[in-house]
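Visitor: What follows is a predicted protein model with its sequence.
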Amino acid sequence: MDSIQAIIEIYKRDLDLSLIKENLKLTPEERLRKMQAFANFALEMKKAGQKLRDKKAQQEQRQ
Amino acid sequence: MIDYGELVLALVRQRVKFIIVGGVAAIVHGSPHLTFDLDVVYARDHENIARLVQAVAPLDPYLRDAPPELPFVFDAATIKNGLNFTLTTKLGDLDLLGEIIGGKTYEDLLPHSDEIEVFGAKCLCVGLEKLIHLKRAAGRPKDFASLAELEAILQNR
């Protein structure tokens, strides 16, 4: 085993295999659709976070 | 935003010869890891470059992380004179790779690719073993976690 493979084996210890096993039950299209929904959700959360930071910055400016 | 389906379909509709690699390929093989861009290796022949232009030009492509208002034109001349392009488009980020570390060209990757059916269309996705090989070849520390995941998928599928 080379040193890079040894590092990869360390990363494997922290894997959530249940997530992988759940995904392996899906078809490739179902996996992509699931990720699409999650990507949309993640981007909405990112926008919400940005709005929150902007609002806080405005409040701090007023003070 | 990223619309994986529409980006793939935009390429398929114009019969572009391409192979999905990178994070979306990992998703296809079962990775639960989210990615926000579509990486494809495209064939560099004259006809395919023309099809690529027809498919991607209407998506308002622009060089990712470049200053605005540069005179970038996504046309056959630009593609022929370049090789790899990291683009933003109105459907999401798209990386067009003429060559990839460890996998070389579209033709080199072809025997290591699987045909998949997604969103009502057929396209090619790099096989899991080759994807692992490509990520190992890239040698980026950020890929270690992904490699662990892909090897676990290989062992569990």
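Guide: Happy to help now that I have it.

Visitor: Please say whether there is contact between the lengthiest helix in chain A and chain B.
Guide: Taking DSSP state H as the assignment, the helix of chain A that covers the most residues is helix A:28-62. Yes: contact of helix A:28-62 with chain B (C-beta under 8 Å from any C-beta of the partner chain) involves A:28-29, A:31-33, A:35-36, A:38-40, A:42-43. (Each C-beta comes from the backbone N, C-alpha and C, glycine too.)

Visitor: who touches the residue of chain A found nearest chain B in this structure?
Guide: At 3.6 Å from chain B, A:Tyr11 is the closest residue in chain A, using C-beta to the nearest C-beta. Counting by C-beta atoms under 8 Å, 6 or more residues apart in numbering or on different chains, A:Tyr11 makes contact with B:144-145, B:147-148.

Visitor: cool, and B:Arg64?
Guide: With C-beta under 8 Å, 6+ apart, B:Arg64 has these contacts: B:86-88, B:93.

Visitor: Over to A:Glu22?
Guide: A:Glu22 neighbours (C-beta under 8 Å, 6+ apart): B:Pro32.

Visitor: helix/strand/coil for it?
Guide: Three-state assignment for A:Glu22 (DSSP: H, G, I helix; E, B strand; the rest coil): helix.

Visitor: Which other helices and strands does the longest helix of chain A contact?
Guide: Secondary-structure packing of helix A:28-62 (3 or more C-beta pairs under 8 Å, 6 or more residues apart in numbering or on different chains; DSSP states H and E): helix B:4-13, helix B:22-29, strand B:113-118.
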